[in-house]
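Colleague: Fold the following and give me the result.
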Amino acid sequence: MKLTKMSPVLVGLLQAIGVAIYCSLVAIFFRLMNSSRIENSPEIWGIALMLFLLVFSAAVCGILVFGYPIYLIAQRDVKKALNILAYTLLYAIIIFVLILLIIIL
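Modeller: Here you go, the predicted model:
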């Protein structure tokens, strides 16, 4: 199924799920790095790794959230682009609240 034939609601949901999956993978990476920490490693490399991961994560999440809406704006379909962006952010907030509730309960 092509993205152009999907409803903005579904595209927004899929984009938010993509961001949630990516964030989960980063969390798994942090957990693995914490459990396999080498005692004699220089602290500077950990800081450099975190900064690199920050830049990479901003790029990946930016593409996941803003990539298709920017493409639609370039195709002059601004209304659909804004709808998709709004649904993506709405679903991202819902996923965030659900994860927060799971952690609290």
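Colleague: From V65, how far out is I93?
Modeller: As for I93, its distance to V65 is 12 Å (criterion: Cβ to Cβ, to the nearest Å). C-beta: built from backbone N, CA, C; applies to glycine.
Colleague: ok, how many other residues are close to A27?
Modeller: 10 (other Cβ atoms under 10 Å).
Colleague: Now for P8, how many residues are close by?
Modeller: When neighbours are counted by other Cβ under 10 Å, P8 comes out with 19.
Colleague: rewinding a little: give me the more crowded residue out of I93 and V65.
Modeller: For I93 versus V65, neighbours defined as other Cβ under 10 Å are more numerous around V65 (20 against 11).
Colleague: Let me see the contact set for that one.
Modeller: Q15, V19, L85, T88, L89, A92 (Cβ atoms under 8 Å, 6 or more residues apart in numbering).
Colleague: Let me know the pLDDT of the third one.
Modeller: By that I understand L85. L85 carries a pLDDT value of 97.
Colleague: residues in contact with the nearest residue to it once chain neighbours are set aside?
Modeller: Closest residue in space to L85, ignoring its immediate chain neighbours: P69 at 4.7 Å, by Cβ to Cβ, 6 or more residues apart in numbering. By Cβ under 8 Å, 6+ apart, the contact set of P69 is A81, L82, I84, L85, T88.
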